[in-house]
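Trainee: Sequence first, predicted coordinates after that:
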Amino acid sequence: MSKNITGGLEWKVIAVCILLCGLGCKKIDGIADTKIKPPVRTYVVTARIDKKGTNSNSEGTAVLKGTYDEGTKALSYTLEYKDLVPQLITLRSGAKGSVGTLIQEIYKKSTEKEASLPIKGGFTLSPLQERNLLKGQWFVAIGTLTLNPEISGILTLKQK
C-alpha cells in the first residue's frame, strides 16, 4: 500500500510540473501582435530632362522639381523648360527610352495658348504608382511637333 501512495504522489508532482511549465510558456497577448509601422517619409523629387535616351539631337532641356509625401500620397511638382516648344508633357512609368505607361499629363498644348512657365501641379498616387515611383521607374517625356518624346528624364527621389 505504501507503494501506491508514493507512486500516486510522484505522478501528482509530475503533473504539477507539466502544468507549471505550460503556464510559464503562455503567450502574452498584445506584445507579439504589435507590428512596427515604418516611418512616413517625405522626398524631394528631381528630374533633369534632356535628349539622352531619346535618339534626338534636340537642344531643349527641362527640369522638374517637386516633393512626394508618403503620408498623404501627394506628389507636387514644378517644371521649367527652354529651347523647345512642347506639345505634350507626360509623367510615365517604365524604363527611360521606352514608351512606358502613362501616369499623368502635365501639359497639353491648346490651339491658342502656350504653356506659362513654370508649369505647376500635383496629384494623389495610387499604391501601384507609389511603388513604381519609389523604385525609380518614373520619367518625364516632353513631345514636340517633330518628335514624341523629344527629350525625357528619370525622376529621382531624395529623402528630406
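Mentor: That came in fine, so what should we check first?

Trainee: Okay, strands next: where are they in the protein?
Mentor: Listed in chain order, the strands of the chain (DSSP state E) span 42-49, 61-69, 74-82, 88-93, 101-108, 119-124, 138-143, 151-154, 156-159.

Trainee: Identify each buried residue in the third one, please.
Mentor: By neighbour count on 16 or more other Cβ atoms under 10 Å, the buried set for strand 74-82 is 75, 77, 79, 81. (C-beta placed from N, C-alpha, C; glycine too.)

Trainee: correct me, but the third one touches residue 118?
Mentor: Yes. Taking contacts as Cβ atoms under 8 Å, residue 79 lies within contact range of residue 118: 6.2 Å.

Trainee: Show the low-confidence segments of this protein, by residue range.
Mentor: Applying pLDDT under 70 to the chain picks out residues 1-8, 21-34, 96-97, 111-115.

Trainee: which residues sit in contact with the nearest residue to residue 74 once chain neighbours are set aside?
Mentor: Setting aside the residues directly before and after it, residue 74 is nearest to residue 124 in space (Cβ to Cβ, 6 or more residues apart in numbering), at 5.5 Å. Counting by Cβ atoms under 8 Å, 6 or more residues apart in numbering, residue 124 touches 72, 73, 74, 75.

Trainee: Could you do residue 74 as well?
Mentor: So residue 74 contacts 68, 122, 123, 124, 125 (Cβ under 8 Å, 6+ apart).

Trainee: so which of those is the most crowded?
Mentor: Greatest neighbour count in the contacts of residue 74, by other Cβ atoms under 10 Å, goes to residue 68: 23 neighbours.

Trainee: in the sheet, who's paired with that residue?
Mentor: residue 43, residue 75 (DSSP bridges).

Trainee: Roughly how far does it sit from residue 12?
Mentor: From residue 68 across to residue 12, the span is 67 Å (Cβ to Cβ, to the nearest Å).

Trainee: partners of the nearest residue to residue 103 once chain neighbours are set aside in the sheet?
Mentor: Closest residue to residue 103 apart from its sequence neighbours, by Cβ to Cβ, 6+ apart: residue 91 at 4.3 Å. Beta-bridge pairing for residue 91 (DSSP bridges): residue 104, residue 140.
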